[in-house]
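# let's see this in three dimensions:
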Amino acid sequence: MANPWQAPVERVKERLHTGLLLAVAVFAYGNTLVNAFTIDDVLLYILRNPQVTHPSLKALFTPHKLTNVLRPVTFSTFALDWKIGNGRPLEFHLVNLLLHAAVTLLLCLLMQTALQSLQNGRAIAYAAALVFAVHPIHTEAVASIVGRAELLAAGFLIAAWLLHLQDREIPALVCFVLALLSKESAVVLLPLALIGDFVRGQWKPTVRYLRIAGMTGLYVIVLWKVQGNHFGPNGISVLDNPLASIPAVPRIFNALHVAWKYVGLQIYPATLSCDYSYNEIPIYDPRHGLSHTLPWAIASLAAFGGWIWAVRKRQMGLVLAGGIYLVGFATTANILVPIGTIMGERLAYFPSAGFCLLVALAWNWLQERQRTLAVGALAVLVAVLGVRTVLRNRDWKDNRTLYTAAVRAVPQSAKMHLGLAFNYMEAKQFDLARKEFQTTLQINPAYPEALASYGLLESSQGNYQAAGRMMEQAFYTIGRNNPAYDEIAVNLAVIYAQTNHMDGALDLLNREIAESPEYGPAWANRAVLHYQRGETVAARADVKTALRLDPTNRRVQDLMQLLNASSPSVSSQ
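Got it, this is the predicted structure:
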């Protein structure tokens with residue numbers, strides 16, 4: 001006879017498990033709520049992004065001006081946070097925290113559904129979700145506000161996959177579209193759906209897979225067109241991704257090396273970084289550096305062969321774990337196509353679910369033999385990972401702490417040393433800034449942004465000759481399509497003016513205005529130059545244009561007052 005109390009007891013136990021899972025996720029990442037905006041929050045996607053600060057439907061569905069990404073769902077959530085919180089970081093961080101908790105819960109439900117035919121399938125799913133909730137490699141995705149793209153894409157993708165398994169096709173496709181509009185890497189639903197259906201042994205009608213494929217193809221075509229008949233940014237900087245500039249074969253060999261660095265960080269996340277750009281990860285030519293690349297290629301083939309063996313032997317837990325990991329990294333591993341970065345911990349957010357499931361499978365093997373030991377081991381693992389995550393979150397407190405932690409973790413990253421130099425400059429710690437600029441240029445002597453910024457530092461200290469040499473080298477090194485080109489050109493003109501090379505300054509500003517007529521600082525500085533040369537009519541014309549482009553420019557406003565004071569008859573017209 002069935003026990004009438006069994007179902008209510010099971011429901012209570014399930015709620016307790018769910019509550020514990022969410023509490024663990026909040027515990028691990030709760031201290032992110034006190035953090036400020038950092039790096040790309042400031043430079044690219046929030047504070048300086050009109051899609052967030054002045055949103056419109058057209059703007060949200062337009063690729064980002066600098067990075068060319070199309071993420072209307074992600075940016076619309078930023079815009080809502082901006083509106084509700086008046087630009088405070090707390091609201092942004094709170095949403096990220098809640099999203100991570102939601103993704104953790106969805107992942108648990110997905111794995112419970114996919115592994116329901118396995119003995120202890122629910123316990124395995126729960127253990128995997130616990131590890132996922134606290135893993136430190138997720139810190140960049142959660143603690144960095146712009147990491148929300150990973151959270152939203154993973155959440156909607158998991159929801160779409162779960163709904164597909166539950167035969168709810170229309171909601172699944174809706175969630176898939178939302179995932180795609182959160183981040184491009186969500187295009188992998190079709191292989192995930194096939195893997196999930198294989199694991200469950202319940203294939204869907206062929207037309208369902210064709211609809212997912214059709215939705216994927218339509219999105220890829222639209223994205224290709226919207227991004228200018230190519231994928232990704234208009235140009236991938238060698239600084240951000242050295243793999244982008246080398247042929248396919250050496251790129252793939254080196255990318256496999258990077259892939260194992262991700263594995264290492266998931267196994268032992270002691271040293272984490274927000275950046276792995278030039279020259280932290282050396283690039284090797286396979287023809288001359290087989291000892292550096294061949295072992296990783298062999299290891300990758302062995303791992304993939306192990307997954308194929310699991311498929312043939314119908315080891316469904318291993319099939320699901322390996323499938324999530326391999327498919328999750330498929331679009332971001334620099335193997336199929338180069339992407340905007342050589343490596344980023346945020347990119348491991350969804351794929352790491354496969355690693356967490358692998359850990360849970362190992363735990364299940366142990367708990368079938370020594371249950372008490374297994375429970376204790378899982379508790380210790382979750383506690384250790386959780387504490388490491390709490391400590392890592394503190395590195396994201398602000399740019400100073402983040403850059404300082406990064407230069408310790410990745411001392412060969414020119415980008416991180418430059419970021420720290422900027423931070424020291426803003427704090428007027430010029431000696432420390434100069435040291436970081438010098439370190440940056442030792443790593444990458446032809447880094448135009450570093451040369452230009454170092455030049456500004458020397459200019460502020462009155463060392464105009466040294467500043468001019470650095471700024472000239474930066475100007476003639478940087479490409480016209482680099483977002484920093486306009487600023488460097490104008491700053492070089494300013495230094496020319498400071499060293500009494502007025503004609504050179506004017507020629508450079510004329511050229512800059514001809515090439516970038518919407519760049520307000522060029523008009524503003526040319527107006528000042530005309531005024532200093534006594535050319536008030538030309539100065540007034542440039543001031544009007546500069547104010548049209550940037551009405552808040554205080555320096556230009558003051559110059560207009562000077563012009564009006566010197567020519568009251570003109571100002572009264």
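# any weak-confidence spans in the stretch 1-150 of the chain?
Flagging of the stretch 1-150 of the chain using pLDDT under 70 yields the residue ranges 1-7.
# what about the stretch 201-350 of the chain, any weak spots by pLDDT?
Low-confidence regions of the stretch 201-350 of the chain, defined by pLDDT under 70, span residues 289.
# which parts of it are strands?
Counting by DSSP state E, counting those that start in this stretch, the stretch 201-350 of the chain yields no residue ranges for strands.
# helices along that one, start to end?
In the stretch 201-350 of the chain, helices defined by DSSP state H, counting those that start in this stretch lie at 206-226, 248-267, 290-312, 316-329, listed in chain order.
# so which of the ones you listed comes closest to Glu512?
helix 206-226 (29.1 Å; C-beta to C-beta). To be clear about C-beta, it is placed using only N, CA and C from the backbone, and glycine gets the same treatment.
# any residues touching that closest one, and which ones?
For helix 206-226, the surrounding residues in contact (C-beta atoms under 8 Å, 6 or more residues apart in numbering) are 63, 70, 164, 169, 173, 176-177, 180, 184, 187, 189-190, 193-194, 230-231.
# buried subset of those?
Burial by neighbour count, 16 or more other C-beta atoms under 10 Å: within the contacts of helix 206-226 this picks out 63, 70, 164, 169, 173, 176-177, 180, 184, 187, 189-190, 193-194.
# that older thread, figure out which of the helices of the stretch 201-350 of the chain is closest to Gly30.
Of all these, the one in closest proximity to Gly30, counting by C-beta to C-beta, is helix 248-267 (22.3 Å).
# endpoints of stretch 451-470, how far apart?
For stretch 451-470, the separation between the terminal residues is 5 Å (C-alpha to C-alpha, to the nearest Å).
# for that stretch, buried residues please.
When neighbours are counted by 16+ other C-beta under 10 Å, the buried residues of stretch 451-470 are found to be 451-459, 464, 467-468, 470.
# now, those that are in helices?
Among those, the members falling in helices (DSSP state H) are 451-459, 464, 467-468, 470.
# convert stretch 80-96 to CSV, retaining C-alpha atoms only.
Taking Å, rounded to 0.1, in the frame of the first residue of the first chain, the C-alpha atoms of stretch 80-96 are listed here in CSV:
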residue,chain,number,x,y,z
LEU,A,80,15.9,49.1,-17.9
ASP,A,81,18.5,48.9,-15.1
TRP,A,82,19.8,52.3,-16.0
LYS,A,83,16.3,53.7,-15.9
ILE,A,84,15.3,52.1,-12.6
GLY,A,85,18.5,52.7,-10.8
ASN,A,86,19.5,56.1,-12.2
GLY,A,87,22.8,54.7,-13.4
ARG,A,88,23.8,53.1,-10.1
PRO,A,89,25.8,49.8,-10.4
LEU,A,90,23.8,48.1,-7.5
GLU,A,91,20.8,47.4,-9.7
PHE,A,92,22.9,46.0,-12.5
HIS,A,93,24.8,43.7,-10.1
LEU,A,94,21.6,42.5,-8.4
VAL,A,95,20.1,41.5,-11.8
ASN,A,96,23.3,39.5,-12.6
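# from Leu508, how far out is the spatially most central residue of the chain?
Residue closest to the mean C-alpha point of the chain, counted by C-alpha atoms, centre = their mean, is Gly147 at 5.6 Å. According to C-beta to C-beta, to the nearest Å, Gly147 and Leu508 sit 39 Å apart.
# thinking again about what came up before, for the contacts of helix 206-226, which two are the farthest from each other?
The distance between the two most remote of those (C-beta to C-beta) is 32.3 Å, for Glu169 and His230.
# tell me where the stretch 51-200 of the chain has helices.
Along the stretch 51-200 of the chain, the stretches classed as helices by DSSP H, counting those that start in this stretch are 57-60, 72-85, 89-114, 121-134, 139-143, 148-165, 169-180, 189-200.
# and those: which comes nearest Ala427?
Using C-beta to C-beta as the measure, helix 89-114 is the one of those that comes nearest Ala427, at 19.6 Å.
# what residues of that closest one count as buried?
When burial is assessed from 16+ other C-beta under 10 Å, helix 89-114 yields the following buried residues: 89, 91-93, 95-97, 99-114.
# mind giving me the packing neighbours of that helix?
For helix 89-114, the helices and strands in contact under the criterion 3 or more C-beta pairs under 8 Å, 6 or more residues apart in numbering; DSSP states H and E are helix 6-29, helix 72-85, helix 121-134, helix 139-143, helix 148-165, helix 189-200.
# what about the fourth one, distance to the chain center?
Going by C-alpha atoms, centre = their mean, to the nearest Å, the spacing between the C-alpha centre of helix 139-143 and its chain's C-alpha centre is 10 Å.
# CA atoms only: put it into PDB for me.
The C-alpha trace of helix 139-143 is given here as PDB (Å, rounded to 0.1, in the frame of the first residue of the first chain):
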ATOM      1  CA  THR A 139      33.100  35.200 -11.700                       C
ATOM      2  CA  GLU A 140      33.700  37.200 -14.800                       C
ATOM      3  CA  ALA A 141      30.200  36.400 -16.100                       C
ATOM      4  CA  VAL A 142      28.500  37.300 -12.900                       C
ATOM      5  CA  ALA A 143      30.700  40.000 -11.300                       C
END
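# so which residues make contact with it?
The contact list for helix 139-143, computed with C-beta under 8 Å, 6+ apart, reads 29, 32, 35, 93, 96-97, 100, 147, 150-151, 272, 274, 344-346, 349, 389, 392-393, 395-396.
# stretch 342-349 now?
The set of residues external to stretch 342-349 that reach it, using C-beta under 8 Å, 6+ apart, is 137-141, 144, 147, 150-151, 154, 185, 240-243, 258, 261-262, 265-266, 272-274, 276-277, 281, 329, 332, 334, 341.
# and if you look at stretch 550-559?
Identification of contacts with stretch 550-559 by C-beta under 8 Å, 6+ apart yields Gly520, Ala524, Ala527, Val528, Tyr531, Ala539, Val543, Ala546, Leu547.
# biggest separation within those residues, which pair?
Considering C-beta to C-beta, no two members of those lie farther apart than Gly520 and Tyr531, which are separated by 16.5 Å.
# tell me the mean pLDDT over stretch 155-163?
Per-residue pLDDT over stretch 155-163 has a mean of 98.
# what's it in contact with?
The contact list for stretch 155-163 (C-beta under 8 Å, 6+ apart) reads 73, 99, 102-103, 106-107, 109-110, 113, 169, 171-173, 175-176, 178-179, 182, 186, 188-189, 192-193, 196, 350.
# all the helices of the stretch 451-573 of the chain, residue numbers only.
464-477, 485-498, 502-515, 520-532, 536-549, 554-566, 568-571.
# so which of the ones you listed is nearest Lys13?
For these, the distance to Lys13 is smallest for helix 485-498, at 60.0 Å, taking C-beta to C-beta.
# quick one: that closest one to helix 464-477, angle?
150 degrees (axes from the mean of the first three to the mean of the last three C-alpha atoms, to 10 degrees).
# in helix 485-498, what's buried?
Buried positions in helix 485-498, judged by neighbour count with 16+ other C-beta under 10 Å: 485-497.
# mind listing residues that contact it?
In this structure, residues lying in contact with helix 485-498 by C-beta under 8 Å, 6+ apart are 448-449, 452, 455-456, 459, 464, 467-468, 471-472, 474-475, 478-479, 502, 504-506, 508-509, 511-512, 516, 519, 521-522, 525, 529, 532.
# can you flag the buried ones in those residues?
For those, a neighbour count by 16+ other C-beta under 10 Å gives the buried set as 448-449, 452, 455-456, 459, 464, 467-468, 471-472, 474-475, 478, 504-506, 508-509, 512, 516, 519, 521-522, 525, 529.
# show me the contacts for the closest residue to Gln266 other than its chain neighbours.
Once its chain neighbours are removed from consideration, Gln266 has its nearest residue in Phe355; the separation is 4.8 Å (C-beta to C-beta, 6 or more residues apart in numbering). Contacts here follow C-beta under 8 Å, 6+ apart; on that basis Phe355 touches Val263, Gln266, Ala321, Tyr325.
# can I get the residues you listed in JSON lines with neighbour count and distance to Val52?
As requested, the contacts of Phe355 are exported to JSON lines (neighbours: other C-beta atoms under 10 Å; distance: C-beta to C-beta, whole Å):
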{"residue": "Val263", "neighbour count": "14", "distance to Val52": "35"}
{"residue": "Gln266", "neighbour count": "22", "distance to Val52": "32"}
{"residue": "Ala321", "neighbour count": "25", "distance to Val52": "37"}
{"residue": "Tyr325", "neighbour count": "26", "distance to Val52": "33"}
